[in-house]
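Visitor: Predicted model follows, preceded by the sequence.
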Amino acid sequence: MATVLDYAGDGIVQLMSMAEADWTEQELKDALQHAILLELATIPPYATALWSITDPDNSKPVRQTIHDIILDEMAHFGLVCNMLTSIGGTVVVTDPAAVPKYPGDLPGGVNPGLEVYLSGLTRDSAKLFSDIEKPENPLAFAVDGNTIGAFYQRIANVFPQYAHLLTGQKQVTTSIGSRDIYPMNTIDDVLKAIHVIQTQGEGTTASPEDPFPNIPGELAHYYAFKEVAVGKKLVFNDGSQKWEFTGPDVPLPDTFPVARVPQGGWPRTGGPNSPDQNTAGHLNTFNQQYSDMLRALEHAWNVDASAIGTAIGLMFQMRGTAQQIVSVKLSDEPRFTYGPEWLLVQQ
């Protein structure tokens with residue numbers, strides 16, 4: 001029977017407080033399920049910001065950055081799902097207790113106090129994204145707290161004790177852009193995947209660049225988002241011998257002014273910014289597509305790998321529906337527009 005973890009709980013904090021020697025097979029499976037929820041949690045805020053950009057050309061600065069990071073996160077999600085199913089675990093992403101909720105904390109108590117919300121792209125939302133991706137010891141400034149990278153390191157430290165559980169069962173093999181989701185047949189496969197996830201998000205202790213770039217010179221997620229947040233490119237200062245955000249300007253692209261989506265979504269029965277019937281229809285359609293996509297992902301890893309094609313198709317449909325939503329002005333605050341709600345619809 002699949003373990004259902006509480007998205008709003010402090011499961012990651014509890015796992016991080018345990019000695020590695022005390023982790024059992026169940027702790028490892030729970031950690032991987034938490035990691036799946038972490039990867040899933042980043043996509044709605046990043047995608048909402050991406051879809052708020054008016055120019056749909058994914059090769060344009062800033063839009064390309066966010067687009068490529070989303071593809072990385074999708075690949076990370078797939079790699080961790082393969083880790084879990086390869087040792088006999090079950091992927092759970094459609095239970096109401098496990099689905100991300102916005103605004104709110106990241107799952108498991110990681111980066112405590114960081115409120116993650118859905119909105120259009122702004123300097124503030126870009127700062128939020130950089131805070132989500134922050135390393136333990138960033139090259140550009142100091143931070144503290146439980147980070148995603150530190151959690152993955154704990155998984156990497158413990159997993160070799162359970163390498164004998166790797167069976168290669170119920171895994172998905174596909175590509176997201178140029179990013180491979182591959183089977184976890186050996187412990188080397190697992191550790192390689194964890195290293196990719198960590199360094200694409202955080203860089204290395206020596207460089208802010210992604211060592212597994214899709215574009216030469218591509219920065220790790222934290223630094224790429226930080227450039228957008230501060231409006232300056234990250235450059236190496238020969239005088240101070242430090243990486244600093246003092247390079248050329250990074251202008252924000254034109255965007256629809258998507259407002260922060262309220263808890264539980266936009267009101268349907270009257271009240272401030274209640275959408276009209278047409279807009280409500282688009283919002284409901286998006287939520288249905290999102291829910292069907294989550295169900296297809298679960299089916300792909302737990303039953304039939306070919307369902308990944310259905311999930312990818314639904315992601316494209318979600319983009320089209322979201323683009324219709326973000327162009328509609330709020331009924332009571334027309335200086336802002338609506339944004340998709342990313343709400344689970346029960347079958």
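Guide: Perfect, thanks for sending it.

Visitor: what's near enough to touch residue 311?
Guide: Contact analysis of residue 311 by C-beta atoms under 8 Å, 6 or more residues apart in numbering lists 293, 296-297, 300. To be clear about C-beta, it is placed using only N, CA and C from the backbone, and glycine gets the same treatment.

Visitor: actually residue 264, not the one I typed
Guide: residue 343.

Visitor: What backbone torsions are found at it?
Guide: phi 80, psi 0 (degrees, to the nearest 10).

Visitor: and the gap between the most centrally placed residue in the chain and residue 22?
Guide: When the chain is reduced to its mean C-alpha position, the closest residue under C-alpha atoms, centre = their mean turns out to be residue 42, at 2.3 Å. As defined by C-beta to C-beta, to the nearest Å, residue 42 lies at a distance of 29 Å from residue 22.

Visitor: where does the chain dip in pLDDT?
Guide: Within the chain, the ranges that satisfy pLDDT under 70 run 1-2, 136-146, 202-207, 209-216.

Visitor: Apply 80 and report the result again.
Guide: The chain contains residues with pLDDT under 80 at 1-5, 135-147, 168, 201-218.

Visitor: Residue 150 contacts residue 16, correct?
Guide: Yes: Residue 150 is within contact range of residue 16, at 7.2 Å (criterion: C-beta atoms under 8 Å).

Visitor: where along the stretch 201-347 of the chain do the helices fall?
Guide: 221-230, 277-302, 307-325 (DSSP state H, counting those that start in this stretch).

Visitor: what sits against residue 28?
Guide: Residues near residue 28 by C-beta under 8 Å, 6+ apart: 87, 155, 158-159, 162.

Visitor: Make CSV from these and add neighbour count to it.
Guide: Output for these, formatted as CSV (neighbours: other C-beta atoms under 10 Å):
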residue, neighbour count
87, 20
155, 23
158, 19
159, 22
162, 17
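
Visitor: Kindly indicate which of those lies nearest residue 121.
Guide: Distances from residue 121 to the contacts of residue 28, taken as C-beta to C-beta, are shortest for residue 155 (31.2 Å).

Visitor: Work out for me the element residue 32 sits within.
Guide: helix 25-51 (DSSP states H and E).

Visitor: So which bits of stretch 337-347 are buried?
Guide: 337-344 (16 or more other C-beta atoms under 10 Å).

Visitor: same check, this time on stretch 61-76
Guide: Under 16+ other C-beta under 10 Å, the buried positions of stretch 61-76 are 62-76.

Visitor: related to what we said a few turns ago, what I need now is the helices of the stretch 201-347 of the chain written out in CSV, including distance to residue 191 for each item.
Guide: Compiled in CSV, the helices of the stretch 201-347 of the chain are given as follows (distance: least, C-beta to C-beta, whole Å):
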stretch, distance to residue 191
helix 221-230, 20
helix 277-302, 20
helix 307-325, 24
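
Visitor: Looking at the ones you listed, spot the one closest to residue 52.
Guide: helix 307-325 (9.0 Å).

Visitor: ok, now which ones touch residue 246?
Guide: With C-beta under 8 Å, 6+ apart, residue 246 has these contacts: 232, 235, 237.

Visitor: Please disregard the earlier target; I meant residue 125.
Guide: 45, 49, 117, 119.

Visitor: Let me know whether my guess that it is in a strand holds.
Guide: No: counting by DSSP: H, G, I helix; E, B strand; the rest coil, residue 125 is not found in a strand; it is helix.

Visitor: Backbone dihedrals for residue 152, please?
Guide: phi -60, psi -30.

Visitor: circling back: out of the contacts of residue 28, which are inside helices?
Guide: 155, 158 (DSSP state H).

Visitor: Against residue 227, how distant is the closest residue to residue 291 other than its chain neighbours?
Guide: Spatial nearest neighbour of residue 291, excluding adjacent residues (C-beta to C-beta, 6 or more residues apart in numbering): residue 345 at 4.2 Å. Noted for residue 345: a distance of 36 Å to residue 227, by C-beta to C-beta.

Visitor: ok, now residue 3?
Guide: 39 Å.

Visitor: Next: residue 19.
Guide: In terms of C-beta to C-beta, residue 19 sits 38 Å off from residue 227.

Visitor: Could you check which of the two is surrounded by more residues?
Guide: Looking at residue 19 and residue 227 with other C-beta atoms under 10 Å, you find the greater number of neighbours at residue 227, namely 22 against 6.

Visitor: residues touching the residue nearest to that one when sequence neighbours are not counted, list them.
Guide: Nearest residue to residue 227 in three dimensions, chain neighbours excluded: residue 250, at 5.0 Å (C-beta to C-beta, 6+ apart). Residue 250 makes contact with 61-62, 227-228, 230-233, according to C-beta under 8 Å, 6+ apart.
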